[in-house]
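Chemist: Predicted model and sequence follow; I will ask about them next.
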Amino acid sequence: MIYTMVHYVLIFERYYLPPSALAESGDDRKLTGSYVLFTDGDGASKIVDILRSSGGPSLVFTRSPDSYRGVGDNVVSVWITQATDKGVSPTKLHILQERAIDFMRRNPGGVVVLDDIDYLLMYNEFPVLFRFLVAVKDHAAISGSAFVVVVDRKSIGDKEHALLLSEFKPL
């Protein structure tokens with residue numbers, strides 16, 4: 001009977017309490033939630049530090065996949081490019097979204113990084129890109145994963161900056 005009660009409480013926690021609340025209540029602070037990292041150029045070194053400290057599985061959408069080689073076996077990078085079929089076109093946000101959501105479902109507690117949204121802004125209007133970011137953010141909250149968006153501060157205006165800060169915690 002005690003086993004049944006404990007089992008029921010564990011099931012209750014798993015299904016009814018948000019994963020981020022469970023992760024923050026423990027002693028080991030794991031990166032969960034959605035964040036924005038404003039940079040003045042190359043943010044790859046900061047992202048590499050975040051990926052190494054997380055230790056878990058990570059997915060990075062980037063223009064520079066070579067920057068993330070050697071970070072670890074648990075880091076997968078997806079090249080955003082129009083030059084070849086080895087990557088994903090910057091106009092196909094739905095494919096990026098599907099990959100991110102699928103990764104979070106398979107790896108709860110993992111880290112998804114969107115490095116350099118400046119390139120995506122060249123091919124997509126900000127409202128479209130923002131809807132994509134918020135959709136991925138919501139799935140990160142559901143799965144207890146982390147979603148980090150890297151932005152060059154000079155590439156966006158004050159309105160876009162305020163919108164990003166309204167949805168994402170600054171890193």
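Modeler: Great, that's in hand. Keep in mind it's a predicted model, so treat the numbers as computed, not measured.

Chemist: By residue count, what's the longest helix in the chain?
Modeler: helix 126-143 (DSSP state H).

Chemist: part of a helix, is Val150?
Modeler: No: the assignment for Val150 by DSSP: H, G, I helix; E, B strand; the rest coil gives strand, which leaves it out of any helix.

Chemist: Would you indicate which residues of the longest helix of the chain are buried?
Modeler: For helix 126-143, burial by neighbour count (16 or more other Cβ atoms under 10 Å) applies to 126, 129-130, 132-133, 136-137, 139-141, 143. For the C-beta atoms, the positions are set from N, CA and C on the backbone; glycine is no exception.

Chemist: repeat for stretch 76-91
Modeler: Neighbour count says stretch 76-91 has 77-81, 87-88, 90 buried, by 16+ other Cβ under 10 Å.

Chemist: how about the strands of this structure, start to end?
Modeler: 33-39, 58-62, 75-79, 111-114, 146-152, 169-170 (DSSP state E).

Chemist: Tell me which of these lies nearest to Arg69.
Modeler: The minimum distance between Arg69 and these falls on strand 75-79, with 7.7 Å, by Cβ to Cβ.

Chemist: got a markdown table for the buried residues of helix 126-143, with pLDDT and distance to Asp118 too?
Modeler: Compiled in a markdown table, the buried residues of helix 126-143 are given as follows (pLDDT from 0 to 100; distance: Cβ to Cβ, whole Å):
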| residue | pLDDT | distance to Asp118 |
| --- | --- | --- |
| Phe126 | 93 | 11 |
| Leu129 | 95 | 10 |
| Phe130 | 95 | 14 |
| Phe132 | 96 | 15 |
| Leu133 | 95 | 13 |
| Val136 | 95 | 17 |
| Lys137 | 95 | 19 |
| His139 | 94 | 23 |
| Ala140 | 94 | 21 |
| Ala141 | 92 | 25 |
| Ser143 | 91 | 27 |
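
Chemist: any idea which residue sits dead centre in the protein?
Modeler: Phe147 (2.1 Å; Cα atoms, centre = their mean).

Chemist: Low-confidence ranges, this protein, go.
Modeler: Scanning the chain for pLDDT under 70 picks out 7-29, 41-44.

Chemist: the helices in it, which residues?
Modeler: 2-16, 19-25, 44-54, 93-106, 117-123, 126-143, 158-167.

Chemist: Can I get the fifth one as CSV, trimmed to CA atoms?
Modeler: If I follow you right, that is helix 117-123. Extracted C-alpha coordinates of helix 117-123, given in CSV (Å, rounded to 0.1, in the frame of the first residue of the first chain):
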residue,chain,number,x,y,z
ILE,A,117,19.4,34.5,-35.8
ASP,A,118,20.8,37.4,-37.7
TYR,A,119,21.1,35.2,-40.8
LEU,A,120,17.5,34.0,-40.4
LEU,A,121,16.4,37.7,-40.3
MET,A,122,17.8,38.2,-43.8
TYR,A,123,15.4,35.6,-45.1
